[in-house]
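> With the sequence up front, the predicted model follows.
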Amino acid sequence: MDLEQSRFNMVEQQIRTWEVLDQEVLKLLFEMRREEFVPAAYRSLAFVDMEIPLGHGEVMLAPKLEARILQELQIKKTDRILEVGGGSGYLTALLARKGEYVYSVEIVPELKAMAEKNLEAHGITNVLVENGDAANGWPAYAPYDVIVLTGSTPVLPEAFPKSLKAGGRLFAVVGDAPVMEAMLMTCVAQEEKGTAGVYKTAGLFETCISPLKNAKQPARFVF
């Protein structure tokens, strides 16, 4: 398998055609070797347009979705980032290369260990990977410049917008299967005593990804 040709094809045929045209993002996808973050059994599928199983009921997002997340968030070198669901550490690595520091929270201990090993192997040190359940927020290091939810949530918990700095951006996929919406929320003004925060939300595209474990559920009617 010609890895570099496969990587080139992934970028040109999947990612560019999905409206990812940010040159910095595309350059990073060539530099950060995705196949080295994929479990050995699936390495031949590293550049395929699909979610890759990581075990424990978790998956790596499809390459084009990872690329689109990076582009939409417009991460700056000074950004401090919360990632909910670290998986194998690949998106974590991309975020870390773009921003100042990443706090990555992974609920599965084995995946936390996998991510730490992969990040260390690539010399990425501006990341703290913690084991925990951040499906309903992770205020420990708030406020954040950027928040990324790598699994879907039927309802977006209020804790996430409240954890954004003014100017901060949040990427989340909200809704129930089969139709969910990827959205970008921007904090226009932080919540202060006596005043609510002001947020601007933009719907990006429809998609369907696995939910976060323990994702917040809406109140549902019971007959």
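Received the coordinates, thanks.
> With only the CA atoms kept, save the longest helix that the chain contains in PDB.
For the chain, the helix that runs over the most residues, judged by DSSP state H, is helix 109-121. Coordinates of each C-alpha in helix 109-121 appear next as PDB, following Å, rounded to 0.1, in the frame of the first residue of the first chain:
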ATOM      1  CA  PRO A 109      -9.300   4.100  30.500                       C
ATOM      2  CA  GLU A 110      -7.800   1.900  27.800                       C
ATOM      3  CA  LEU A 111      -8.400   4.600  25.200                       C
ATOM      4  CA  LYS A 112      -6.900   7.300  27.500                       C
ATOM      5  CA  ALA A 113      -3.800   5.100  27.600                       C
ATOM      6  CA  MET A 114      -3.800   4.600  23.800                       C
ATOM      7  CA  ALA A 115      -4.100   8.400  23.200                       C
ATOM      8  CA  GLU A 116      -1.300   9.200  25.700                       C
ATOM      9  CA  LYS A 117       1.000   6.600  24.000                       C
ATOM     10  CA  ASN A 118       0.200   7.900  20.500                       C
ATOM     11  CA  LEU A 119       0.700  11.600  21.500                       C
ATOM     12  CA  GLU A 120       4.000  10.800  23.200                       C
ATOM     13  CA  ALA A 121       5.200   8.900  20.200                       C
END
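> Next SSE downstream of it?
Helices and strands here follow DSSP states H and E; after helix 109-121, the next one along the chain is strand 127-131.
> So in that sheet, which strands flank that next one, and in what orientation?
strand 101-106 (parallel) (DSSP bridges).
> tell me the angle of the partner strand relative to helix 109-121?
150 degrees (axes from the mean of the first three to the mean of the last three Cα atoms, to 10 degrees).
> just how off-centre is strand 101-106 within its chain?
Distance of strand 101-106 from the chain centroid (Cα atoms, centre = their mean, to the nearest Å) equals 10 Å.
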